[in-house]
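S.K.: Predicted model, plus sequence, below.
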Amino acid sequence: MKSINTKVEQFKESIFSTMTKLALENKAINLSQGFPDFDGPKWVIDLAIQALNNNKNQYAPSMGILPLREAIANNYKKIYQMPVNPLTEVVVTNGATEAIFCTCLALLNPGDEVVVLEPFYDSYLASIELTGARIVPVTLHAPTFNFDFNELKNAIGPKTKLLILNNPHNPTGKVFTDEEIDTIGKLAIEHDFYLLSDEVYEFLNFVRPHRPTASYAGLNTRTITISSTGKTFGLTGWKIGWAIGPEYIIKAIHNVHQFSTFCVAHPLQVAMAEAISNMEDYLKEFKHEYSRKKDILVTGLKKCGFNIIEPQGTYFVMAQLPAGENDVDYCKRLITEKKVATIPTSAFYLKSEDGKKMIRFCFAKKDETLESAILNLSNK
Ligand SMILES: Cc1ncc(COP(=O)(O)O)c(C=O)c1O
């Protein structure tokens, strides 16, 4: 038999699947995967049920239903004072993951280079590699997760087409400062590359109101803003995301989207259009709840002796391991001996060895799940 695609051949099972399998085998409490162990809000689920019963079950327009695109655009205007044309500058995708994939296919040619700040979300690598472009990692150094300006500058060259920024940042919980985004933005303008700004945790920023990269001076013409409703509504299985950007780029992203999935589940779009138009009160409660869950986990882990790096955003906490420990072995031991599953962070790095010295906990879990995990971890 002839071989399958040589790039796809290299793809391995994701660390999330590996850890979840191990957690199930060992009946461990799963603080590894990044999604809630509780359901999304009933009022949003009820909106989907209404749509299902209301004849919204055929293909949706490929760009996304207009009420959803309008609701997304209205929110960017209302929350971030960022004008977005719902007719030409938004495309609705199957989660942020598809938006990232379609953006890479839309922008990149073989030989192009993409700067990615590591540690990074694993779909970036696959999306870049399938295009034949080359990933150039730049490390965010623990414990601040700041980048070194010279390291970043040296990673940029004439072939740089795109830089991927994730803010707030998974897995570190870092929120980038205005100065850091301005620095990246200036380099993007000087060296003429695009920015893909993955902002799926935009409403999980505990230190200041979120600011989209595209709203910084001079960056709206070269930034593709990607977000989704999965994290915000705790409905990760709905996979409703979007890309926002200049018309010609959105057109190109849509060209890929129309030939990959064509459209996003119609009744869920109807529900989300309504939900995101009326989410002000919900967002306050959402942020408060997650801030509380963060405190439960951070306080609990500290009491258990973990060396925590307090997150500024997202629903993850990083812990630095004692000297001599290795992340993968440590995580396996936590599963078998303490019955708690976490993520070894070396999986998020390509270049630096830093990941071997840290593990990631997720606090998008019921209070009782977090408390049981802390109890297990505190048992000698
Ligand atoms: C940084 C980051 N980007 C994108 C995604 C995927 O989002 P979606 O579920 O909307 O595809 C995740 C999910 O964990 C993530 O952590």
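M.R.: It's in.

S.K.: Which strands or helices does whatever helix or strand M318 lives in pack on?
M.R.: Taking DSSP states H and E as the definition, M318 sits inside strand 316-320. Applying 3 or more Cβ pairs under 8 Å, 6 or more residues apart in numbering; DSSP states H and E, one finds that strand 316-320 contacts helix 280-303, strand 307-309, strand 358-362. Heads up, the C-betas are built off the backbone N, CA and C, glycines and all.

S.K.: Tell me which of these sits nearest to K251.
M.R.: Across those, K251 has its closest neighbour in helix 280-303 (31.0 Å, Cβ to Cβ).

S.K.: could you give the angle of that closest one to strand 316-320?
M.R.: The directions of helix 280-303 and strand 316-320 differ by 20 degrees, with axes from the mean of the first three to the mean of the last three Cα atoms, to 10 degrees as the criterion.

S.K.: can you list the residues that contact helix 280-303?
M.R.: Applying Cβ atoms under 8 Å, 6 or more residues apart in numbering, the external contacts of helix 280-303 come out as 31, 41, 203-204, 206, 232, 275, 308, 310-311, 315, 317, 319, 361, 363-365, 367, 370-371, 373-374, 377-378.

S.K.: Report the buried members of those.
M.R.: 31, 41, 203-204, 206, 232, 275, 308, 311, 315, 317, 319, 361, 363-365, 370, 373-374, 377 (16 or more other Cβ atoms under 10 Å).

S.K.: ok, which of those residues also contact the ligand?
M.R.: Checking the buried ones among the contacts of helix 280-303 against the ligand by Cβ under 6 Å from any ligand atom, not one of them is in range.

S.K.: Just the pLDDT at the residue in the chain that the ligand sits nearest to, thanks.
M.R.: Among the residues of the chain, G95 lies closest to the ligand, at 2.6 Å counting by Cβ to the nearest ligand atom. What the model reports as pLDDT for G95 is 98.

S.K.: ok, back up a step: which members of the buried ones among the contacts of helix 280-303 are positioned in strands?
M.R.: Of those, the ones assigned to strands by DSSP state E are 308, 317, 319, 361.

S.K.: so who does the last one touch?
M.R.: Taking Cβ under 8 Å, 6+ apart as the contact definition, F361 lies against 31, 297, 301, 316-319, 342.

S.K.: Around the ligand, which positions in this structure sit nearby?
M.R.: By Cβ under 6 Å from any ligand atom, the residues of the chain that approach the ligand are 34, 95-97, 121, 166, 170, 198, 200, 228, 230, 236, 239, 241.

S.K.: among these, which one has the lowest pLDDT?
M.R.: Scoring the residues of the chain next to the ligand by pLDDT puts G34 last, at 90.

S.K.: where do the helices sit along the stretch 151-300 of the chain?
M.R.: For the stretch 151-300 of the chain, the helices defined by DSSP state H, counting those that start in this stretch occupy 178-191, 247-260, 266-277, 280-303.

S.K.: starting at the chain centroid, how far to the last one?
M.R.: By that I understand helix 280-303. 18 Å (Cα atoms, centre = their mean, to the nearest Å).

S.K.: before we move on, what about the first one?
M.R.: On the basis of Cα atoms, centre = their mean, helix 178-191 sits 21 Å off its chain's mean C-alpha point.

S.K.: If we go by neighbour counts, what in it is buried?
M.R.: 180-181, 183-185, 187-188.

S.K.: With the second one instead?
M.R.: With burial defined by 16+ other Cβ under 10 Å, the residues of helix 247-260 counted as buried are 249-250, 252-254, 256-257.

S.K.: Average pLDDT for it, rounded please.
M.R.: For helix 247-260, the mean per-residue pLDDT is 98.

S.K.: Show me what it is packed against.
M.R.: Packed next to helix 247-260, using 3+ Cβ pairs under 8 Å, 6+ apart, are strand 90-94, helix 95-107, strand 240-244.

S.K.: If we use 6 Å, what do you get?
M.R.: For helix 247-260, the helices and strands in contact under the criterion 3 or more Cβ pairs under 6 Å, 6 or more residues apart in numbering; DSSP states H and E are strand 90-94, helix 95-107.

S.K.: which of these sits most buried?
M.R.: With neighbours taken as mean count of other Cβ atoms under 10 Å, the helices and strands packed on helix 247-260 reach their highest mean count in strand 90-94, at a mean of 26.

S.K.: how distant is it from the center of its chain?
M.R.: The chain centroid and the centroid of strand 90-94 are separated by 15 Å under Cα atoms, centre = their mean.

S.K.: likewise stretch 124-144?
M.R.: Relative to the mean C-alpha coordinate of its chain, stretch 124-144 is positioned 14 Å out (Cα atoms, centre = their mean).

S.K.: And that stretch, end to end?
M.R.: This stretch, stretch 124-144, spans 22 Å end to end (Cα to Cα, to the nearest Å).

S.K.: What average pLDDT does it get?
M.R.: 97.

S.K.: and if you look at stretch 367-380?
M.R.: Rounded mean pLDDT across stretch 367-380 is 93.

S.K.: Give me the contacts around that stretch.
M.R.: 29, 31, 37, 296-297, 300, 304, 338-340 (Cβ atoms under 6 Å, 6 or more residues apart in numbering).

S.K.: same question, stretch 1-17
M.R.: 33, 122, 129-130, 347.

S.K.: What pLDDT does the model give F11?
M.R.: 87.

S.K.: and M63, what is it in contact with?
M.R.: Contacts of M63 by Cβ under 6 Å, 6+ apart are 91, 254.
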